[in-house]
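Trainee: Output the structure for:
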Amino acid sequence: MPNNLKITGRVLHLAEDPELVKKQFAGESLKLDPARKLVDSISTDEITPGWVCYYYDETLAKYALIGLRGGVVPQGGIKEGGFEVVVSGRSKGCGSSREQAPYAEQVAGIKLVVAQSIEKIYGQNCQNIGLLTTTDFSILERIERGEEIPISEFTKGLDAISAAIVEAGGLFAYNKERMAGRTAPPVVDTPKRPMTIVEKIIAQHAVVDAKANKLGVPAVKPGDALFVRTDVRFSHEYVTPMAAALFRQGFAGEKVQHPESVFAFRDHLTFLDLIMPRAHKDMGLDKQASKLADVQQQFADEMGLKLYGEVHRDGQLVGSEAICHNMVIEELGMPGDIITGTDSHTCMGGALGAFAFGVGSTDMANAWFTRDVRVKVPETVLFRLTGKMKPGVCAKDVMLHILSQPFFRGGDGIGKVLEFQGPGVLAMELDERATLTNMAVEAGGFTGVIEADDVVVDYIHAMRGTSKDEIRKRIVKSDPDAKFFATFAIDLDAVEPMVATPGDPRNGVPLQKLLHSESVKLDIAYGGSCTGGKKADMDMYASVLKRAVDKGQRVADGVQLYIQFGSQRIRKYAEEQGYLEIFEKAGAHLVDPSCGACIKAGPGVSDKPDQVTISAINRNFPGRSGPGKVYLASPLVVAASAIAGRLAAPE
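Mentor: Numbers count the residues shown, from 1 in each chain. Sure, this is the predicted structure:
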């Protein structure tokens, strides 16, 4: 990369006022105005909506920011408008880990992303592909004066590895130098100290000498930068093709190393053809999307990878084997593991006491060969849960309550580990714990983690037959005197049923408060996804719907209720419990495993802006599940609301 950044193109200010944005695409240029309100929480779903991610080449340039709320960015507008800098507010790049988002901006001509805060995965993806980022708005004044900006301005505050990657122009360029011995990450020499769960796992997996396979250092501390050896690497069909193309480009002629620890999933687009709009089919997107699964299958066959694919019954396609995150819990992850996946909800694996986190395509392509990923040791925020949840309250309510706190709404949770401790969390079954860790990323967090105990040991033993002693040996615990960035006490007795209003999972409000202020009529109720499609979630749907059926009630007229299973094992569990009959009597549509409506790729999506959905999924960013409004709630509230035809409490 050159030593200086020279901006000769235009600066796009993504103002909250849509008219100001439209004026810029009409040719008007704006100057920096600190008083101007900028759009916050621009998710990767808005930068590259799900259908855009069927592409993984320079075609993405046409669609950069096409999904931004209000539809203010025209197709091809970034490139045709000559923009080289894009400016926005807090939490740029929240949501999905899709690397197509920054890549689309880059190939559309963007050289620099400026935002008040930048989400962890999106920021790392930008570094990996050589797209510069900053939260220093004074850079804009210098650009307006025509200054060349030294690259060193964009490495301030970065760890040594991240800085070196930025200076090299991206991760592949850096790794080529590292593998050739021309550069090396700094030696971690942190003296022995009390550590958290994640710090201990990082220290155990630290790559000291890659060639000699030497791992482990005495200790790490927040801010240390290093590479860590992964135990589980996985990708799904949305991302595998892009990562495979990058792998072949960066490691021509090489094979995936230790393929027995690498897994592929056909779990995101299984039902896409059922809901793809006619207009998208006319664009040829159905054919483009189908290519993703073909490319993934070819890569898995070539590299000898296990592919969790589709399931057929009576000769008909019914769904996927499992959503990747559910399968990690069921079959793949272990306490003390480092689990990386090309999906932001990889953090769900933290319920096993593992360090699990999402990475982008470039990170995964590199990890397929090197087996390692880079990590800057994160700070950990401790949540100590005490008390007992009241009837009608579950882990989803606890998480929506946590996300609604000023600490997260203000962006202080970005890049942090959320560790859950205390008798309140230990009393939860594994599925409920997984809801907490799964949604840690909605806080902008690095991951979530819970110390493994007999609940985890018994689960893994029952599911896989692994020796209980072997599992216990892998358990990692935080030291009693470990240092935390912040500590929060959560009294579960005080947590009420919660709802996150449309636009952001951090928009949580007590359900009763919302019910007292307005009546929310529903069109769709969706119970599914990795977050809302577990066995415990099926128990909750069934508990509400059975009471309704016993009273002769069904899903309200005008409402469509969908219940989707996270894996085939979960579907079998629901069948054995007699839930399928209850669901069908209540009028629910049953859907086999797939990410589905959660990513606007299956039954349960809205197709009109005025439609309202109550959903058990993990995020409700604009456009995530269709153009309609999405309220997030627990499985109990989803089922109760479906019967009532409006937002309703489970009782």
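Trainee: Please make it C-alpha for all contacts and neighbour counts, starting now.
Mentor: OK.
Trainee: Just list whatever residues bridge to Leu632.
Mentor: For Leu632, the beta-bridge partners are Ala500, Ser615 (DSSP bridges).
Trainee: Surely it and Ile617 touch.
Mentor: Yes: counting by Cα atoms under 8 Å, Leu632 touches Ile617, with 6.7 Å between them.
Trainee: need the helices for the stretch 251-400 of the chain, in chain order.
Mentor: Secondary structure of the stretch 251-400 of the chain, counting by DSSP state H, counting those that start in this stretch: helices at 272-275, 278-282, 285-303, 324-327, 361-370, 395-403.
Trainee: buried residues in the first one?
Mentor: It refers to helix 272-275. With burial defined by 16 or more other Cα atoms under 10 Å, the residues of helix 272-275 counted as buried are 272-273, 275.
Trainee: What's the mean pLDDT across it?
Mentor: Mean pLDDT, helix 272-275: 90.
Trainee: buried set for the lowest-mean-pLDDT helix or strand in the chain?
Mentor: Lowest on mean pLDDT, DSSP states H and E among the helices and strands of the chain sits helix 171-179, with a mean of 85. Within helix 171-179, the residues that qualify as buried are 171-175, counting by 16+ other Cα under 10 Å.
Trainee: so which of those comes closest to Ser162?
Mentor: Nearest to Ser162 among the buried residues of helix 171-179 is Leu171, at 8.9 Å by Cα to Cα.
Trainee: looking at it, the closest one is touching Thr362, isn't it?
Mentor: Yes: at 7.3 Å, Leu171 and Thr362 qualify as touching, with contact defined as Cα under 8 Å.
Trainee: any shared contact partners between the two?
Mentor: 128-129 (Cα atoms under 8 Å, 6 or more residues apart in numbering).
Trainee: re earlier: out of the helices of the stretch 251-400 of the chain, which comes closest to Leu20?
Mentor: Nearest to Leu20, of all the helices of the stretch 251-400 of the chain, is helix 278-282, at 28.9 Å by Cα to Cα.
Trainee: How about exporting that closest one as CSV, limited to the C-alpha atoms?
Mentor: Written as CSV, here are the backbone C-alpha positions of helix 278-282 (Å, rounded to 0.1, in the frame of the first residue of the first chain):
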residue,chain,number,x,y,z
ARG,A,278,-40.5,-12.3,-9.4
ALA,A,279,-38.4,-9.2,-10.0
HIS,A,280,-35.3,-10.9,-8.6
LYS,A,281,-35.9,-14.0,-10.7
ASP,A,282,-36.2,-11.8,-13.7
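Trainee: Tell me how this structure divides into domains.
Mentor: 4-168, 227-495, 496-651 (automatic domain parsing).
Trainee: Out of these, the one nearest Gly216 is which?
Mentor: Proximity to Gly216 (Cα to Cα) singles out domain 227-495 among the domains of the chain, at 9.0 Å.
Trainee: How many residues are close by Ser163?
Mentor: Small correction: residue 163 is Ala, not Ser. 18 (other Cα atoms under 10 Å).
Trainee: same thing with Asp539?
Mentor: By the measure other Cα under 10 Å, the count of residues near Asp539 is 16.
Trainee: again with Glu518
Mentor: When neighbours are counted by other Cα under 10 Å, Glu518 comes out with 9.
Trainee: you'd agree Met538 is up against Glu575?
Mentor: No: if you go by Cα under 8 Å, Met538 and Glu575 don't touch, sitting 10.2 Å apart.
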